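In: The amino acid sequence is not available; the structure is as follows:
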């Protein structure tokens, strides 16, 4: 990550000047998100979800979307403090269902072919102390009741992207030893660098980045492994079965209409959806998990027959319980993602306290729903059909990081041969 000469504290005046100097890169980042992230097409609606604190940046994205030909931009504002009050004060049964107006909003926009951009900027401690069953219920209701919207994202009918934007409390969490203004500047620097937007042509940088994904996907898809064996000195010893017709994906996605988009900015992962019925052993976290405003630390899962049968955590075990009990399939794996430790996020040395960033610093797994595009012909199947083929279907998807520095992963062929895929936390062919 970029550092300042002598690393001396900055005055508020210096922070202001530095932010002004950064504006061309920030504007380029906004264009990147509109044009290559959500991939706004001429005449299309963009649905932008953004924190109210980041309204100035959201306006840059809105302008970039209109410049790209958007017919209209619908903005959905988020606020950490208002959300906390809602979870604390509203009756618990309110969260069991999504209001009809919200279902109509999301489903109708998706049905009309909108693309979706989610600006992720939140206080990692926003919901500290809040009953985790409330945000879990709200998420479960939205994902199960807004079916046109959810299936549009999952089955490639709508382009979508998640990208970060700084807010003050998040910045202070990542950079606790400097002033608020300096923390915001430092977080902007970090976000622009790991998003490959700290240059004159971020879109070209992402085309180059995507070429690296194609190389690693080609290697993994050529091998046709039957399973992966993960092992590390922290106690991880896990074997995960893969689907016979599974596909490794990563980098740019593509809608059923042929539009190329980047679901995550940043992204470093090559991923697939494993066989939901085949996971055996124990896996230990390598980094904290931030989920629904709560932090889980030093946790582990033990799998039998593809299902979590035991788990523990030094902090946040109740959060894990809510994740696993979201529905009957939430305790099964929906994703295996491979990420070298030689990436900008890992090399920055920062803990972002955001899954969007921290998952891209580390190999990770995900509990919950899998990806139809990670199975041959999967995007043409319905959820029941894709699950019958081995791809999990759930109303949640929670990534957790397992990429210890000494993590080794062996691919197991159908004949039982073990082929090194990862050695000491990086691709065996790096």
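Out: Structure's in. What do you need? The shown structure was predicted, so the numbers you read here are calculated from the model rather than taken from an experiment.
In: okay, CA-based contacts and neighbour counts for the rest of this
Out: Fine.
In: Show me the helices in the stretch 51-200 of the chain, by range?
Out: 55-67, 80-89, 100-111, 133-145, 147-154, 168-174, 180-194 (DSSP state H, counting those that start in this stretch).
In: Dump those to TSV, plus mean neighbour count and mean pLDDT.
Out: Putting the helices of the stretch 51-200 of the chain into TSV (neighbours: other CA atoms under 10 Å; pLDDT from 0 to 100) gives the following:
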stretch	mean neighbour count	mean pLDDT
helix 55-67	19	98
helix 80-89	14	97
helix 100-111	16	98
helix 133-145	20	93
helix 147-154	20	94
helix 168-174	20	97
helix 180-194	22	97
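In: Out of these, which gets nearest to residue 257?
Out: helix 147-154 (11.9 Å; CA to CA).
In: What angle do helix 100-111 and that closest one make with each other?
Out: 40 degrees (axes from the mean of the first three to the mean of the last three CA atoms, to 10 degrees).
In: Against which helices or strands is helix 147-154 packed?
Out: helix 100-111 (3 or more CA pairs under 8 Å, 6 or more residues apart in numbering; DSSP states H and E).
In: can we see that at 10 Å?
Out: Applying 3 or more CA pairs under 10 Å, 6 or more residues apart in numbering; DSSP states H and E, we find helix 147-154 packed against helix 100-111, strand 115-120, helix 133-145, strand 160-164.
In: what's in contact with that helix?
Out: With contact meaning CA atoms under 10 Å, 6 or more residues apart in numbering, helix 147-154 is reached by 103-111, 113-116, 142-144, 157-161, 255-256, 263, 369-373, 379, 382-383, 395.
In: now do 7 Å
Out: 106, 107, 110, 111, 143, 158, 159, 160, 371 (CA atoms under 7 Å, 6 or more residues apart in numbering).
In: Test my guess that the last one contacts residue 274.
Out: No. Distance between residue 371 and residue 274: 9.6 Å, which falls outside the contact criterion (CA atoms under 7 Å).
In: Give me the more crowded residue out of those two.
Out: residue 274 (33 against 23; other CA atoms under 10 Å).
In: and residue 288, how many residues sit next to it?
Out: Here the count is done by other CA under 10 Å, and residue 288 has 22 residues near it.
In: If we ignore the residues flanking it in sequence, what's nearest it?
Out: Excluding the flanking residues, the one nearest residue 288 by CA to CA, 6 or more residues apart in numbering is residue 297, at 4.7 Å.
In: thinking again about what came up before, now, among the contacts of helix 147-154, which is nearest to residue 404?
Out: residue 371 (24.9 Å).
In: Next one: the closest residue to the closest one other than its chain neighbours from residue 214, what distance?
Out: The shortest distance from residue 371 to any residue other than its chain neighbours is 6.1 Å, reached at residue 273 (CA to CA, 6+ apart). For residue 273, the distance to residue 214 equals 18 Å [CA to CA, to the nearest Å].
In: Those two: which is more packed in?
Out: residue 273 (29 against 16).
In: Residue 337 is in contact with that one, correct?
Out: No. Counting by CA under 7 Å, residue 273 sits too far from residue 337 to count as a contact (8.7 Å).
In: ok, the residue nearest to residue 371 - contacts?
Out: Listed by CA under 7 Å, 6+ apart, the contact set of residue 273 reads 334, 335, 336, 370, 371, 374, 391.
In: from these, which ones fall inside strands?
Out: Among these, DSSP state E puts 334, 335, 336 in strands.
In: among these, who's most crowded?
Out: residue 334 leads these on contacts (other CA under 10 Å) with 28 neighbours.
In: who's in contact with that one?
Out: Residues counted as contacts of residue 334 (CA under 7 Å, 6+ apart) are 273, 274, 276, 366, 367, 368, 369, 370, 391, 392.
In: Touching, residue 393 and residue 367? I think so.
Out: No. Residue 393 lies out of contact with residue 367 (CA under 7 Å); the separation is 10.1 Å.
In: what number of residues lie near residue 129?
Out: For residue 129, the count of nearby residues is 11 (other CA under 10 Å).
In: which non-adjacent residue is nearest it?
Out: Distances taken as CA to CA, 6+ apart place residue 294 nearest to residue 129, at 7.9 Å, with adjacent residues excluded.
In: what's the spacing between that neighbour and residue 165?
Out: 19 Å.
In: Repeat that for residue 412.
Out: 40 Å.
In: Can you classify the residue most central in space within the chain as helix, strand or coil?
Out: By CA atoms, centre = their mean, the chain has its centre lying nearest to residue 356, at 4.1 Å. Per DSSP: H, G, I helix; E, B strand; the rest coil, the local secondary structure of residue 356 is helix.
In: May I have the predicted confidence score for it?
Out: Per-residue pLDDT puts residue 356 at 92.
In: what does residue 1 give?
Out: You'll see residue 1 listed with a pLDDT of 45.
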